[in-house]
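Student: Below are the sequence and a predicted model; questions follow.
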Amino acid sequence: MSRAAIRRNRFVLAVVIAATLGGSCAARRPDHAPTQRPARPAHPNKAAPALGVSGNHLVDGSGKTVQLRGVNVSGLEFIAAQGWSAANPWGGQTGDATPNWNTIKAWKVNTVRIPLNEASWLGYHCSDATGALRDPDPGHNYQATVKAAVASATAAGLYVIVDLHWTAPGNFCPLGQNPMADAGHSLDFWTSLAGTFKGNSNVLFELFNEPFFYWMPSGADPWKTLRDGGTFTQYVTGSAKPYTTAYTWQAAGMQQMLDAVRATGAANVVLVGAPSWSQDLSRWVAYKPADPLKQLAAVWHAYPNSGVVGSADASVPKLGKDAYNWAASVLDAGVPLVITETGDHNAPGTEGAPFVSALLPWADKAGASYLGWTWDVWQNHDNILIKDKTGAPTAGYGRYFQQHLLCVANGTAGCR
């Protein structure tokens, strides 16, 4: 496995976050053609801005083009499942039961992405790598917390992306980033989640966080597996030892998950990722799932120092050029593009953000949407937007991202 792959794999490094009861806990995070509009829900939330797909862009209820510009708020994918806080699945890092959307909106954000854990949402008991049973919803408040977060973000006028972030096959607990959604639980997850939020036309469904295709039978096609499902022979435990363990399991494909969403009657916009941790869009158009409502958008996760996405380093222009060309090919095919994660260096003393300062102006010009990872007070030197709960930006990346959002919101042409 390459160093870049390890960084992007969303496994566990110690990061200090505040616990709900006034203490602290170590959170596990990495370095690291015109189409039909959706039918309106029977009882839409009046505070929610409606969203749909028209051609290669998103539109609001009046048909006006919408560019999503926002942030990720991490925590719900791991706090409850890893047992950090039973009282508050956000882990106390937000200072309350839900993030402060007004603080986030001060950056002129119009969208938030909320990563989720399938076992915590569904509430089934599971086992960790040692065989010990866990309750991934120890406070029996996970669904209520997610619903409250979506409701309060909606009331604040925000679009909300709910993302299936962590999964695990069989009776194992989702404690890390696995290669794909699992057929045993992920379809039930989307049936339940889509059924819950199908009345919220401002809520988008991201089917699976970052697909990658290790541990497959010889000759298996990653793109076909992405769309239709397939077999894997190991899963990621989420523990340092063992990092993975042998286990044969069946993955759910994007088509199956999309079908589960649509079977609930949900007409929400659905976001579909790509191989290589959603970095490789080279064949996305050919292998996208079929949506009868034509309400799909493609997902790109664009980070520096990746062999797929490319780098700001001019010595590797081909890699960067390929990635941008792949992204443009999605838009050229009449499909919206949403960069649901991006990041850059933010260590104290850092000046500028060479990767995102090239990416975001490109996205503005191309009409792509983007969200930064992440709006959390962690001490990582990369991919962190804020340094405290007031929303003060981190050096480099955080400062640039904030200034760019404010510039675009002000209507300034050619924001850098």
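Tutor: Nice, thanks for sending it over.

Student: in its sheet, what does the helix or strand that Leu204 is a member of sit against?
Tutor: Using DSSP states H and E, Leu204 sits in strand 203-206. Using DSSP bridges, the strands paired with strand 203-206 are strand 159-166 (parallel), strand 270-272 (parallel).

Student: after the last one comes which helix or strand?
Tutor: Taking DSSP H and E as the definition, the helix or strand that follows strand 270-272 towards the C-terminus is helix 275-278.

Student: ok so, going back, right, and the strands paired with strand 203-206 - which one's nearest Tyr124?
Tutor: Among the strands paired with strand 203-206, strand 159-166 comes nearest to Tyr124, with 14.0 Å by CB to CB. All C-beta atoms are positioned from the backbone trio N, CA, C, and that covers glycine.

Student: Can you give me the buried ones in the following helix or strand past that closest one?
Tutor: Counting by DSSP H and E, the next helix or strand C-terminal to strand 159-166 is helix 186-197. Neighbour-count burial for helix 186-197 flags 186-194, 196-197 (criterion: 16 or more other CB atoms under 10 Å).

Student: Quote the end-to-end distance of stretch 233-240.
Tutor: End-to-end span of stretch 233-240 (CA to CA, to the nearest Å): 19 Å.

Student: just stretch 286-296 next, same as before
Tutor: 14 Å.

Student: got the buried residues for that stretch?
Tutor: In stretch 286-296, counting by 16+ other CB under 10 Å, buried: 287-289, 291, 293-296.

Student: any chance of those residues in TSV, with distance to Asp364, pLDDT and secondary structure too?
Tutor: Below are these laid out as TSV (distance: CB to CB, whole Å; pLDDT from 0 to 100; DSSP: H, G, I helix; E, B strand; the rest coil):
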residue	distance to Asp364	pLDDT	secondary structure
Tyr287	28	98	helix
Lys288	24	98	coil
Pro289	28	98	coil
Asp291	27	98	coil
Leu293	28	98	coil
Lys294	25	98	coil
Gln295	23	98	coil
Leu296	22	98	strand
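
Student: Return the member of those residues nearest to Tyr159.
Tutor: Gln295 (14.0 Å).

Student: is it true that that closest one touches Val270?
Tutor: Yes: the criterion here is CB atoms under 8 Å, and Gln295 meets it with Val270 at 6.2 Å.

Student: For the stretch 1-150 of the chain, which segments count as strands?
Tutor: For the stretch 1-150 of the chain, the strands defined by DSSP state E, counting those that start in this stretch occupy 13-18, 24-29, 52-54, 57-59, 65-66, 69-72, 111-117, 126-127, 133-134.

Student: average model confidence for the fourth one?
Tutor: It stands for strand 57-59. Mean pLDDT, computed over strand 57-59, is 98.

Student: partners of it in the sheet?
Tutor: strand 52-54 (antiparallel), strand 65-66 (antiparallel).

Student: now for those strands, which one comes closest to Ala363?
Tutor: strand 65-66 (13.6 Å).

Student: for the closest one, what is the average pLDDT?
Tutor: 97.

Student: ok, now stretch 81-92?
Tutor: The average pLDDT for stretch 81-92 rounds to 92.

Student: Appreciated, that's everything.
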